[in-house]
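Novice: Sequence first, predicted model second:
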Amino acid sequence: MSTNGRDGYPLALAVDEGSQELRTPLGAATIGARARQVGISPSSRTDAAGRERRCRWCRHPLSRYNSEPYCSACSRHVPTAPSPPPRVVPEVWKREDVREALYARDFGRVCHLVRIGSSLRQSDMAELTGLSQAFLSMLESGVRRLTNIDKIVELLDGLEVPVELTGPMLRF
């Protein structure tokens with residue numbers, strides 16, 4: 001823990017349950033009243049059965065200010081549930097503006113309409129299509145055009161465009 005060197009108080013400080021003062025480089029501050037104002041009680045270190053709450057992973061006692069089941073150190077390493085893979089909502093292909101953009105082979109507009117209609121990010125679209133996020137951004141803004149037939153097929157396959165909208169020529 002680092003100190004400011006002037007009076008030796010730590011710059012980062014954890015407050016113990018029994019402490020009523022917080023020492024900082026700027027001086028001491030009473031925390032009891034403030035803690036009561038925000039609804040923190042000394043008893044919140046215990047669970048409903050009166051046992052001391054402990055981290056589920058390392059079993060270290062949890063701070064009374066921590067409402068999570070893990071201590072701050074362990075919460076950085078606890079695996080989170082994987083997010084579902086991005087997907088295009090099938091209803092987007094029923095929209096007239098999407099159909100018109102496909103008919104006109106305006107792939108930038110198609111990407112934009114599908115992305116907005118399916119609530120996807122450009123990075124999600126990149127994951128689906130195999131095209132880079134930067135290229136998709138330029139495609140949507142009209143800076144770049146998609147002319148390579150292999151890339152067009154890759155885009156349409158990634159977005160799972162129904163064959164009746166593209167025709168069998170653009171599919172392998």
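Specialist: Received the coordinates, thanks. Note that the structure is a prediction, hence the values are computed from the model and not measured. Residues are numbered from 1 along each chain as shown.

Novice: Give the burial count for residue 74, as a bare number.
Specialist: Residue 74 has 16 neighbours, counted by other CB atoms under 10 Å. Where you see a C-beta, it was placed from the backbone N, CA and C, and this is true even at glycine.

Novice: wait, is it part of a strand?
Specialist: No - assignment of residue 74 by DSSP: H, G, I helix; E, B strand; the rest coil gives helix, placing it outside any strand.

Novice: Verify the stated contact: it with residue 59.
Specialist: No - if you go by CB atoms under 8 Å, residue 74 and residue 59 don't touch, sitting 9.8 Å apart.

Novice: Next up, phi/psi of the closest residue to residue 54 other than its chain neighbours, please.
Specialist: Once flanking residues are discounted, residue 54 sits nearest to residue 61: 5.8 Å by CB to CB, 6 or more residues apart in numbering. With angles defined as degrees, to the nearest 10, residue 61 shows backbone torsions of phi -60, psi 140.

Novice: Next, count neighbours for residue 61.
Specialist: The local packing of residue 61 (other CB under 10 Å) involves 13 other residues.

Novice: is it true that residue 109 touches residue 103?
Specialist: No - the pair formed by residue 109 and residue 103 falls short of the contact definition of CB under 8 Å, at 11.0 Å.

Novice: more crowded one of the two?
Specialist: Set side by side, residue 109 and residue 103 show more neighbours around residue 109, with 18 against 11, by other CB under 10 Å.

Novice: what residues does the helix or strand hosting that one touch?
Specialist: Under the criterion of DSSP states H and E, residue 109 resides in helix 107-117. Surrounding helix 107-117, the residues in contact under the criterion CB atoms under 8 Å, 6 or more residues apart in numbering are 88-89, 91-92, 95, 97-98, 101-102, 120-122, 124-125, 136, 139-142, 144-146, 152, 155, 159.
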